[in-house]
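Asker: Take this sequence and fold it.
(one chain, ligands or ions: 1)
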Amino acid sequence: MSYDIRDLALAQRGHQRIQWASRHMPVLNQLKEEFATEQAFRGKRIAASLHITTETAVLLSALQAGGAEIALSASNPLSTKDDVCAALVEDGIHVYAQYGEDLPTYQCHIKQALAIDPHLVMDDGADLIIALHNSPAGGSVVAGIEETTSGVVRARALAADKLLRFPVIAVNDTPTKHYFDNRYGTGQNTIDGILRATNTFLAGATLVVAGYGWCGRGIAMRARGMGARVIVCEINAIRALEAVMDGLQVLSMAEAAPLGDIFVTATGMAGVIRPEHFLAMKDGALLANSGHFDVEIDVAGLRQIATGEQEVREHLSEYQLPNGRAVYLLAQGRLVGQVAAEASPAAVMDLSFADQALCTHYLLNAQHQLAPGVYDVPSDIDERVAQLKLQALDIKLDTLSPEQVAYQHSWQYGTEG
Ligand code: SAH
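Answerer: Predicted structure coming up:
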């Protein structure tokens, strides 16, 4: 048993919090029972790089119940929960992660997780996949699974350069993942992170969202629900139109900069808010990032123009600008909902992680020999996850009668004939 964590003595608190999350993850718990009976992953080794949260612990425990040996490293140095790490080590998972670890340690921990010689890698941001492609290691890997938008983009880029050495399933792209986790999970956790870091008042505030993808839509929807006036910045004409017809104002960042009280990036793109924008902002503007890596707000550019910097609250730094105003950066420009709050709640991670669990089952089943490439989640998995969640919520569906099925497949019925 090998590990590198902050403090094993935190395990009991970790177990308690994991249990609380588990209560809200009925689908994963059902899969856990199935995996345990079947011993679905006996003899298999899995390396995971995920946000180390109570929800992740529930996923790993389902895989472990199926017989898998698991090594875990972080997918973001600031989202790691040290008590969860301790509980997982106590449960026999090799964990290499500490909250706030520096970049060299983070990278070293990724190597340590890969030293398990995994059959499968499970990524959030593609760090394991990329690390495997940068080294000759990874002899036993048969497949990967990617959880998030930015990681899918990286895996696709590897595939486009013909470098991807194994099949990767893009869990992010499946409806039971991004319709719910990205939209409602990120929508809620981003607002949660902003409120915890600042205790700001949303009603009547102007909140600027850069990016109207699934995460941006959720953030805009929830901010509006709490009374904020929402402005959207987009580069995509169709998404911009969608925002307009959702009743939101669409402006360029240059136009929005002087208007916003709170700015949130959810684009997956680097350098979305830059020095020329900081200088145009109101005194006291808040800057939060919800997406991708810590590159959407140009933090280096902000530091360069700032005449002073100080931490005013946990996860909140003030930057004095040469024009006499100050702007406030949340969570160092890293994902605010993961760093200043607790990421997506268990009830929604139940879906994403049920997808992960069933894709693991699918990929480690020797019948499926896939060529290197990025694949969608098989549609029967997506359907099953939705059905299981509805069952757990005790929600009944209507079913089509034989006449309705016939109608559905006929061309004879209509106005003509
Ligand atoms: N890896 C990038 C961005 C990904 S964060 C970075 O760290 O900068 C977004 C991902 O976190 C989502 O795809 C979501 O599935 C995952 N996530 C959200 N809440 C989570 C939770 N409670 N536990 C584990 N992962 C979570």
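Asker: Could you pull up phi and psi at Gly213?
Answerer: In terms of degrees, to the nearest 10, the main-chain angles of Gly213 are phi -80, psi -160.
Asker: For it, which residues are in contact?
Answerer: Thr149, Asn182, Arg239, Ala266, Thr267, Gly268 (C-beta atoms under 8 Å, 6 or more residues apart in numbering). Where you see a C-beta, it was placed from the backbone N, CA and C, and this is true even at glycine.
Asker: Can you tell me, leaving aside adjacent residues, what's nearest to the third one?
Answerer: Closest residue to Arg239 apart from its sequence neighbours, by C-beta to C-beta, 6 or more residues apart in numbering: Tyr212 at 4.4 Å.
Asker: Near that neighbour, how many other residues are there?
Answerer: When neighbours are counted by other C-beta atoms under 10 Å, Tyr212 registers 27.
Asker: and what of the one 10 residues further on?
Answerer: A count of neighbours around Arg222, defined by other C-beta under 10 Å, yields 22.
Asker: Can you report how many residues neighbour Lys396?
Answerer: Every residue meeting other C-beta under 10 Å relative to Lys396 is counted, giving 7.
Asker: residue contacts, it?
Answerer: Contacts of Lys396 by C-beta under 8 Å, 6+ apart are Leu390.
Asker: ditto for Glu311
Answerer: Contacts of Glu311 (C-beta under 8 Å, 6+ apart): Ser317, Glu318.
Asker: so is it in a helix, a strand, or just coil?
Answerer: strand (DSSP: H, G, I helix; E, B strand; the rest coil).
Asker: how about the helices in the stretch 101-250 of the chain?
Answerer: 103-114, 127-133, 149-160, 175-177, 186-198, 214-225, 237-245 (DSSP state H, counting those that start in this stretch).
Asker: Tabulate those (a markdown table), appending distance to the ligand and mean pLDDT.
Answerer: Output for these, formatted as a markdown table (distance: least, C-beta to the nearest ligand atom, whole Å; pLDDT from 0 to 100):
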| stretch | distance to the ligand | mean pLDDT |
| --- | --- | --- |
| helix 103-114 | 11 | 97 |
| helix 127-133 | 8 | 95 |
| helix 149-160 | 5 | 94 |
| helix 175-177 | 7 | 97 |
| helix 186-198 | 7 | 98 |
| helix 214-225 | 8 | 98 |
| helix 237-245 | 19 | 98 |
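Asker: Any chance of the backbone angles for the residue nearest the centre of the chain?
Answerer: Nearest residue to the geometric centre of the chain (C-alpha atoms, centre = their mean): Thr148, 5.1 Å. In terms of degrees, to the nearest 10, the main-chain angles of Thr148 are phi -130, psi 160.
Asker: repeat for Phe166
Answerer: phi -150, psi 160.
Asker: One more: Leu279?
Answerer: phi -70, psi -20.
Asker: burial measure for it, as a count.
Answerer: By other C-beta under 10 Å, neighbour count at Leu279 equals 15.
Asker: just checking, it touches Asn323?
Answerer: Yes: shown here, Leu279 and Asn323 form a contact pair, counting by C-beta atoms under 8 Å, at 6.1 Å.
Asker: So for these two, which residues contact both of them?
Answerer: By C-beta under 8 Å, 6+ apart, no residue touches both Leu279 and Asn323.
Asker: about what we covered before: wait, doesn't the residue nearest to Arg239 sit right on Ile238?
Answerer: No: Tyr212 sits out of contact with Ile238 when judged by C-beta under 8 Å, with a separation of 9.5 Å.
Asker: Any regions of this protein where pLDDT drops low?
Answerer: Of all residues in the chain, those with pLDDT under 70 make up the ranges 416-417.
Asker: Get me the contact residues on it for the ligand.
Answerer: 50-51, 53, 55-56, 75-76, 124-125, 147-148, 150, 172, 181, 185, 292-293, 335, 343-344, 349, 352 (C-beta under 6 Å from any ligand atom).
Asker: Buried ones only from these, please, as a PyMOL command.
Answerer: A single PyMOL command is used to select the members of the residues of the chain next to the ligand judged buried by 16 or more other C-beta atoms under 10 Å:
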select buried, resi 50+51+53+55+56+75+76+124+125+147+148+150+172+181+185+292+335+343+344+349+352
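Asker: thought Leu286 was touching Phe278?
Answerer: No: at 12.0 Å, Leu286 does not count as touching Phe278 under the criterion of C-beta under 8 Å.
Asker: okay, and the common contacts of those two?
Answerer: In terms of C-beta under 8 Å, 6+ apart, Leu286 and Phe278 are both contacted by the residues Val327.
Asker: Need the single longest helix in this protein, by residues.
Answerer: Longest helix of the chain, by residue count under DSSP state H: helix 346-363.
Asker: who does it touch, helix- and strand-wise?
Answerer: Applying 3 or more C-beta pairs under 8 Å, 6 or more residues apart in numbering; DSSP states H and E, one finds that helix 346-363 contacts helix 11-23, helix 26-38, helix 54-65, strand 120-123, strand 143-146, strand 167-170, helix 175-177, helix 379-392.
Asker: Spatially nearest residue to Thr56 (excluding sequence neighbours)?
Answerer: Thr56 sits nearest to Leu50 (C-beta to C-beta, 6+ apart), 4.7 Å away.
Asker: Beta-bridge partners for the one you found, please?
Answerer: Note on Leu50: beta-bridge partners by DSSP bridges are Ala74.
Asker: Show the contacting residues for it.
Answerer: Contact partners of Leu50, counting by C-beta under 8 Å, 6+ apart, are Thr56, Leu59, Leu72, Ala74, Ser75, Met122, Asp123, Asp124, Glu147.
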